[in-house]
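Peer 1: I'd like to go over a predicted model; first the sequence, then the structure.
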Amino acid sequence: MYAVFVTGGKQYRASPGDQLQVEKLPVAEGDNVEFTDVLLIGEGRNLKVGKPKVAGGKVKARVLAQGRSDKVSVIKFKRRTTYKRMGTHRQSFTLVEITGITGGPKQGDGAAAE
């Protein structure tokens, strides 16, 4: 079973046991977090698609770490105008492990997609 959920303006596909780097969340390491903006839950032909969200759908996760990604160079440059600006950026992230998905379709409940 997998789910597609939204957090930090991005969509993620997750299954139980997956580890994902999501946009930084204001929670401590070791805490549990729930994502309620679930767009799709299911597996194979047995899918439940929300309009736009699945009612009662939740993706539960445990926070493993808070971190920052590798440094990325940022350069602004315009030719022939002596304009050049250089800088760097490190994006913060939260590493989560998906522990469970709830609110999905039951076997044979007629929610299958064609």
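Peer 2: Thanks, I have it. Small disclaimer: the values here were computed from a predicted structure and weren't measured.
Peer 1: Now do the buried residues in the helix or strand of the chain with the lowest mean pLDDT.
Peer 2: Of all helical and strand segments in the chain, the minimum by mean pLDDT, DSSP states H and E falls on strand 46-49, at a mean of 90. Going by neighbour count (16 or more other C-beta atoms under 10 Å), the buried part of strand 46-49 is 46-48. For every residue, glycine as well, the C-beta is placed using N, CA and C.
Peer 1: Show me the contact partners of the helix or strand harbouring Val4.
Peer 2: Val4 is located in strand 2-7, with elements delineated by DSSP states H and E. Strand 2-7 has contacts (C-beta atoms under 8 Å, 6 or more residues apart in numbering) with 11-15, 22-23, 25, 35, 37-43, 57, 59, 101, 104.
Peer 1: and the helix or strand encompassing Ala65, which strands flank it?
Peer 2: Applying DSSP H and E as the criterion places Ala65 in strand 58-68. Paired with strand 58-68 in the same sheet, following DSSP bridges, are strand 32-35 (antiparallel), strand 92-102 (antiparallel).
Peer 1: ranking these by burial, who's on top?
Peer 2: Highest mean neighbour count among the strands paired with strand 58-68 (mean count of other C-beta atoms under 10 Å): strand 92-102, with a mean of 18.
Peer 1: angle of it against strand 2-7?
Peer 2: If you take axes from the mean of the first three to the mean of the last three C-alpha atoms, to 10 degrees, strand 92-102 sits at 140 degrees to strand 2-7.
Peer 1: how would you label the residue lying farthest from the centre of the chain: helix, strand or coil?
Peer 2: Each residue of the chain has a distance to the centre, and by C-alpha atoms, centre = their mean the biggest one is for Arg80: 42.7 Å. With DSSP: H, G, I helix; E, B strand; the rest coil as the basis, Arg80 sits in coil.
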